[in-house]
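**Student:** Mind folding the following:
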Amino acid sequence: MPGIESQVEKALQECEKKQITTVSFPAIGTGAGGLSPNGVIESMLQGFKNHLSLQRASILKLIYIVVAQDKIFDEFTDGLKQWTLEAQDECPDSDDDSDSKSESEYEDLFPLVNNIEIKIGSIKVQAVCGDITKEKTDAIVNSTTTTLNLTSGVSGAILKAAGQLVVDECTALGVQQSDGFAVTKPGNLQVKHIIHMVGQTTVPAITQSMCKVLKACENMKIQSVSFPALGTGAGNLSASQVATAMVDAVSSYVIDHVKPSLSVVRIVIFQQNMMLEFEKSLEKFKKVTPRAIPQAPVKTVSSRVQAIISNSSPTVKTVKYPVSTVEVYSTSKDGISKVKECIKDLIAEECSSSDIDSEHISHLLDAERQQIAQLCEKQQIQLEIGQRKITVSGKRDDVLTAALTINKLIQNAKERDGRKQEEKRMKKTVRWEMFIHGKPKALGSRINYELEVAYHKKEKTYVYSHDGESYTVDMGKMQQADQKGNVIKLKRMPLTDSETAIIEQPESWTNMKNKDFEIIVLAPNSEEFLKISREFVKSCNSPNAEVVQIERIQHLKQWQSYAVRKQTLDRKYPKATNERILYHGTTKDICQRINKTGFNRSFCGRNATRFGQGTYFAKEASYSCHNSYSNPDEKGHKYIYRARVITGKLCQGIENLKEPTPVNPNDPNSDLCDCAVDSEKTPFIFVIFCDDGAYPEYLITFKILN
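**Tutor:** Residues are numbered from 1 along each chain as shown. As a prediction, this is how the structure comes out:
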């Protein structure tokens, strides 16, 4: 049909002139024209090909064909598939796997009936119409009641299909919290786990509960999980509301986990009419990635968006990116107003804003700030960068991508800050000097730190660079040589007593092979495991406590900070008991943070502030065993740290105390006490107010047997 080919080509040429990136065509001639759908689709595709083959760089990104009738749509789909197969046959030099790749691309652009897929970060989110009890993912989610015994709807179908063993397991788990969940075996289902989530009836509650379930999937290393359409039953929520809530939950999960274990999240919808609503709702979240076509410079009207950098940095970048202009025509002002409101609503649904808070933002390098500004241009988003907060605004999936990158840059800044603090500390405790013409000259903080580390590792030689020159240090002869062979003498001079200058690792630590952080799982038959386990069970005051695992936390920087504080206190109070072995109960998700960053006062108030706003420890593990402090995870496992704690001078704790009271209240220059307690005479609860005042030496995983 040459007429259709030429019409299509003329329309696309007009798009190039007008700088139009997206265009929609009707099914030309298949209505009153009575033309064959097979012939029409073939002619339209040939017209597209003719135009694009003549363009060195096309402005076009998307071409839609809108079909109103199901029968014509089916014929168009068949025609498109046939065209794709013929195009493959014309490319004999393609790779062996080209067929499967083309099929995959075909399915992405034209999803099968009853199936839609979007991508959030590295996770595929699929909405499918089907029966959740037939799913073969690693886990399925059962939206139920707090008693886990809902026998109607989807929940009833899941329990019936899973069998009596799962029903009995749910009964044994007992009543759950209103926003809680529990994990059981799959029973007769083809999955590995059933996650029973207490159902919610509001959008924020659905997002929050789904976030908890996704976090549990991460902890269990689950790679795929299937959800029902949460909240569409008893919650009576619309498909649009539920889709937004569930996408927000997955987005939060992706931001919190740089390398998530999950790769697929499926939303299984039983009712066909609801599937159609879900499909429409999810389409607005779908990020379309067109095939690579060389792009011409964009000449559309541009908008200026400024990445606002804090005044402390000279890096301020003005970002330009293309915007779309929508022209609305109507016979009435009322019609135009309605369309404008509709467009505003669509934009509001597509866009989001995210705040990233960190005290390390102000320490970003100029190059990192420039990278963030370039990110603004690439992702077409707006950023405001202050001293402690970055606000990212723009299209939902672009905001997610930007937030992941910015979090990585902030982590780099945090690590640099930690290194600088350690260099400063080392400079105060030991000084490395070189002798030039017989006169000593102190080396810089960085080299001073690196030489001291090499000294403690008992390295024979150490090579470092400074001002573009390379130097080799003979640690045995204590001399340094440059690239020309000139040799000068070095000297290591402790500035305090030798104990402070040299911070030895605990004898129980294993060789970390130049790593700063490592977690060692103790062998159950080792003397170390048996000793700690025995003391812990005795301290629990419960014969039903069973130790599952003990991990030794070997964190070099945390240990050095703690050891320096303890040595300082030991010199101050040489005859006092300045350190105690105490217990601290927590939850599984908090454990990961404590292992990496130590005890953090920002968690204070999570359980209590009766004796002050600090980190709480108990003399006996029995106190930390309570569920309010060590809440069990989905396997019934509980977590308690056996920690070294600097207690020093004690003071009476009071509610909302922010720092210890003075040793001598009558002396305005008096030092502060080191720790608040519940009772100065017989202390049982200890509260510290400095994060390096405790070291998480062992993490004990245990359970309470029935």
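**Student:** how about low-confidence regions in the stretch 551-700 of the chain?
**Tutor:** Under the criterion pLDDT under 70, the flagged ranges of the stretch 551-700 of the chain are 601-608.
**Student:** who's in contact with the spatially most central residue of the chain?
**Tutor:** With distances taken as CA atoms, centre = their mean, the residue of the chain nearest its centroid is Asp256 (1.7 Å). Asp256 is in contact with Lys215, counting by CB atoms under 8 Å, 6 or more residues apart in numbering. The way it works is simple: take the backbone N, C-alpha and C, and place the C-beta from them, glycine included.
**Student:** now Val268
**Tutor:** Val128, Cys129, Gly130, Asp131, Ile132, Glu135, Ile140, Ser226, Phe227, Pro228, Ala229.
**Student:** nearest spatial neighbour of it, skipping sequence neighbours?
**Tutor:** Spatial nearest neighbour of Val268, excluding adjacent residues (CB to CB, 6 or more residues apart in numbering): Ile132 at 4.2 Å.
**Student:** For Val473, see how far away the one you found is.
**Tutor:** 65 Å (CB to CB, to the nearest Å).
**Student:** longest helix of the protein?
**Tutor:** Ranked by number of residues, the top helix in the chain under DSSP state H is helix 396-429.
**Student:** Name the residues of it that are buried.
**Tutor:** By neighbour count on 16 or more other CB atoms under 10 Å, the buried set for helix 396-429 is 396-404, 406, 409-410, 413-414, 418, 422-423, 425-427, 429.
**Student:** Need the distance between the two termini of stretch 160-180.
**Tutor:** This stretch, stretch 160-180, spans 22 Å end to end (CA to CA, to the nearest Å).
**Student:** Kindly apply the preceding question to stretch 197-206 instead.
**Tutor:** 10 Å.
**Student:** what mean pLDDT would you report for that stretch?
**Tutor:** In this model, stretch 197-206 has a mean pLDDT of 89.
**Student:** Figure out how far it is from the centre of its chain.
**Tutor:** 22 Å (CA atoms, centre = their mean, to the nearest Å).
**Student:** what sits up against it?
**Tutor:** 141-146, 150, 155, 176-181, 208-210, 212-213, 230-231, 233-237, 241-242, 244-246, 249.
**Student:** now, which of the residues you listed lie within helices?
**Tutor:** Per DSSP H, these map to helices at Ser155, Gln208, Ser209, Met210, Lys212, Val213, Gln241, Val242, Thr244, Ala245, Met246, Ala249.
**Student:** wait, doesn't Lys441 sit right on Arg431?
**Tutor:** No - counting by CB atoms under 8 Å, Lys441 does not reach Arg431; the two are 10.6 Å apart.
**Student:** Measure how buried Ile72 is and give me the count.
**Tutor:** 16 (other CB atoms under 10 Å).
**Student:** hmm, back to that, please indicate which of the contacts of stretch 197-206 are buried?
**Tutor:** Buried among the contacts of stretch 197-206 by 16+ other CB under 10 Å: 141-145, 150, 155, 176, 180-181, 208-210, 212-213, 230-231, 233, 235, 237, 241-242, 244-246, 249.
**Student:** Among Lys441 and Arg431, which residue is more densely surrounded?
**Tutor:** The neighbour count for Lys441 versus Arg431, taken as other CB under 10 Å, is higher for Arg431 (18 against 10).
**Student:** Can you tell me the SS state at that one?
**Tutor:** Assigned with DSSP: H, G, I helix; E, B strand; the rest coil, Arg431 falls in the strand class.
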